[in-house]
Structure formats: C-alpha cells, structure tokens
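Trainee: A structural model of the following input is requested.
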Amino acid sequence: MEKTKIALITGCTGQDGSYLAEFLLKKGYEVHGIRRRSSIAKLDRLSRIHYGPHAERNKFFLHYGDITDSASITQITKRVKPDEVYNLAAQSHVRVSFDTPEYTANTDALGPLRVLEAIRTLGFVRKTKFYQASTSEMFGNPLESPQHENTPFFPRSPYGIAKLYAHLITANYREAYNMFACSGILFNHESPRRGESFVTRKITQAAIRIVRRKQDKLYLGNLYAKRDWGYAKEYVEAMWLMLQQKKPKDYVIATGENHTVKEFAELAFRVLDIDIEWQGQGISEKGINKKNGKIIVEIDPYYFRPTEVENLVGNASMAKKELGWAPKTKFQKLVNLIMAEEVKNKDL
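Mentor: All right, here's what the predicted structure looks like:
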C-alpha cells in the first residue's frame, strides 16, 4: 500500500493556499496548514474543507504559527514531517509594501529562509521538497517581453525586492545543500477568493455596489498598467507539478496575454450591462456610464505606486513542455466567473 503523502502549506488561509489545500486533498494527501493567530478568524476560504459538508477533518489540520517566528515554523515542521512544503505566506500587496517595507522584508524575504533552515537543520533535506511562491513583480520594468525564466530581474517595489531575495536564497539552498527546492514565478492570478484590497476585487465589488446604489464611484490608480492575469485555481496545479519532477527547477507560470486595468474595469461593468465611455487624460480621466451620463470611475493619485511597473506578460512555454501545464481560462472568462460570484453576495 502506497504511503500517504504529507504536505505543509504556509499561507493556507489565502487565495492560493485554500485552492492548493483542496487540490492536494483530492490527490489523497494529508494536508497541514499554518495559520496566524489574529483577532479575526479568517477561515472563510477554507470553509468547504474545514467546516462544510465536504470537510476532510481526518486529513486536514491547522496549526498556529507565523512565518516571522522561526521557533513555530521549526516546531510545526518537526511535528508534521512533511514530504512537501509549499511556502505561500507573504505580505502580498505591492502598494502596501511601500508603506510597510520592513514588515514586507521580514515576511517575504526572511520568511522563506526560516522554512528552508527548518528543513535543513531538522535533517529533512532528503525527505522534504520545498516550493517557493515567486512573482512576476521580480521582473519590474523588464528588459524584454514576454518574460521567461532567464529574463533579468529588475524589481521596482519592496515587495518585488523581498521576493527576489527569497527566490535567490531558494536557488542557493538547492545548490548548496542539494535540496529539492524550486520556485514558481507566477504572474498575476485572480479568483473570487482574491483579497478585497487587490485591484481586481476592488473593481468587481465596486461595480456591484454602484449598480445597487450603495457606492457612487470607483477610484483607481494607473489605468494603463498591463498585467498577465490568470485563474488562481489552475495555477496551484502548476505548483504541485513542479514538486513531482525528478529534478528541481524554476518555472514561469502565466497566460501569455496581458490586459490593462482599464480593460478589466470595462469587462466587469459590461457584465452588469453598463458600458463605460472615457473622457479626459491623465489624472483627470473619468469613466462615464453611457446610459445615464454619471461618472462612475475616477483617478486617485493615492493609488499610484512611487515606482510603477507598467507592463508584465509571461512566457510559460517551458512549463507547458516540461510540466504539461497550460492555462485554460481566458481573460474575459476570468472576469465573468469572478463577477458571477460577486453577484451572489447580498452583502455588497
């Protein structure tokens, strides 16, 4: 009888962590997640696993810990003895990283180092495979487009810089200790579980509230920032596939298409039968509801980054060739599926 694999997920209460936990449980894994102790129990993304009718109590376990606390990470790793560790914990909001650069570095740069050190010092190097969640923000303002595994990095935010340290230290542990450690360079990936402070959810929720007359306008920053947006539920499969290979390797995970924030907003409102007409330029540009002439989108300079990243798009051909992974959900379908869930939310 084949031994049940054990997986440990940091950041399991987040968008990616919850999808990954569900995915691994369906694969027959025993899944352990690390959650932070906070005044508010943010377990809604895990409700189908932990509390709902599809609960997997016999194979899903939550542990209190924190990526900024070496002792808790080491103790949990020692107790769980995982075959695979997925490090998804992070301060993942780029704009916020400018406001909290030290915290971002402690979480996103030193956090992965703590996990790697736990694996090494516990003597799990031959037993435990490690996945690091890297990001397209490491490319910043890239020197070439689309970006691939060998594109030079040029991060433009405390978040991108912290993630680059984590990416490089993962490679260093792979080389120095012969550890199975790899990184997925994931481009933007969204879903109905995306945090509400991120621009995609900010747009979709505002669109609903405006239609329901609970909000007057949507305020955005850079309308022309272009991103490669994929579906998070599909991206977690790529994480798993990386750890099933014979040799550890870093992979870009992306759709190969990019679209502006402006396009995302247009599609979201169109789902609600609202067409936007744009007037003005720069910070004076406004989005107007064609039906009634009301201004529903305005620019607020507060949402501009001190150093902007204008254009990111990934080349995931190596993942397709070696992992057999390719995105299935196109941009418009992604917007539609997020909006379909937002419409069901009576609290908006």
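
Trainee: can you list the weak-confidence ranges in the stretch 151-300 of the chain?
Mentor: The stretch 151-300 of the chain contains no residues with pLDDT under 70.

Trainee: How about the stretch 1-150 of the chain?
Mentor: 1, 38-43, 47, 50-58.

Trainee: In it, mark out all the strands, start to finish.
Mentor: Ranges of strands within the stretch 1-150 of the chain are 6-10, 30-35, 60-64, 84-87, 129-135, based on DSSP state E, counting those that start in this stretch.

Trainee: just how off-centre is the last one within its chain?
Mentor: Relative to the centre of its chain, strand 129-135 is centred 12 Å away, using CA atoms, centre = their mean, to the nearest Å.

Trainee: Tell me the buried residues in the following helix or strand past that strand?
Mentor: Proceeding C-terminally, strand 129-135 gives way to helix 158-177 as the next helix or strand, assigned by DSSP states H and E. By neighbour count, with 16 or more other CB atoms under 10 Å as the criterion, the buried positions of helix 158-177 are 158-167, 169-171, 173-174. Quick note: C-beta positions are derived from backbone N, CA and C, even for glycine.

Trainee: Same question for stretch 311-322.
Mentor: Quick answer for stretch 311-322 (16+ other CB under 10 Å): 311, 312, 313, 314, 315, 316, 318, 319.

Trainee: which element is the last one on?
Mentor: Same thing as residue 319. Once you assign secondary structure using DSSP H and E, residue 319 falls within helix 317-323.

Trainee: Output the contacting helices and strands for that helix.
Mentor: Using 3 or more CB pairs under 8 Å, 6 or more residues apart in numbering; DSSP states H and E, the elements in contact with helix 317-323 are helix 232-242, strand 251-253.

Trainee: Just name the most buried of these.
Mentor: strand 251-253 (a mean of 27; mean count of other CB atoms under 10 Å).

Trainee: by contact count, what packs against that strand?
Mentor: Contact analysis of strand 251-253 by 3+ CB pairs under 8 Å, 6+ apart lists strand 181-186, helix 232-242, helix 317-323 as its packing neighbours.

Trainee: So what touches that strand?
Mentor: Residues outside strand 251-253 that contact it (CB atoms under 8 Å, 6 or more residues apart in numbering) are 147-149, 182, 184-187, 189, 230, 235, 238, 242, 314-316, 318-319, 322-323, 325.

Trainee: how does it look with 10 Å?
Mentor: 134, 136, 139, 146-151, 182-187, 189, 228, 230, 234-239, 241-242, 245, 314-320, 322-323, 325-327 (CB atoms under 10 Å, 6 or more residues apart in numbering).

Trainee: The next helix or strand after that strand pairs with which strands?
Mentor: Using DSSP H and E, the next helix or strand after strand 251-253 towards the C-terminus is strand 259-260. When pairs are called by DSSP bridges, strand 259-260 turns out to pair with strand 226-227 (antiparallel).

Trainee: just how off-centre is the partner strand within its chain?
Mentor: Averaging C-alpha coordinates over strand 226-227 and over its chain gives two centres that are 15 Å apart (CA atoms, centre = their mean).

Trainee: same question, stretch 222-230
Mentor: With CA atoms, centre = their mean as the basis, the distance from the averaged C-alpha position of stretch 222-230 to the chain average is 15 Å.

Trainee: Can you give me the buried ones in that stretch?
Mentor: Of all the residues in stretch 222-230, those buried under the rule 16+ other CB under 10 Å are 222, 223, 225, 226, 227, 228, 229, 230.

Trainee: ok now do the fifth one, which residues does it touch?
Mentor: This means residue 227. Under the criterion of CB under 10 Å, 6+ apart, the neighbours of residue 227 are 136, 187-188, 190, 199-200, 257-261, 263-264, 309-313.

Trainee: is it in a bridge, and if so with what?
Mentor: Taking DSSP bridges as the rule, residue 227 bridges to residue 259.

Trainee: Could you report the distance from it to residue 306?
Mentor: For residue 227, the distance to residue 306 under the criterion CB to CB, to the nearest Å works out to 18 Å.
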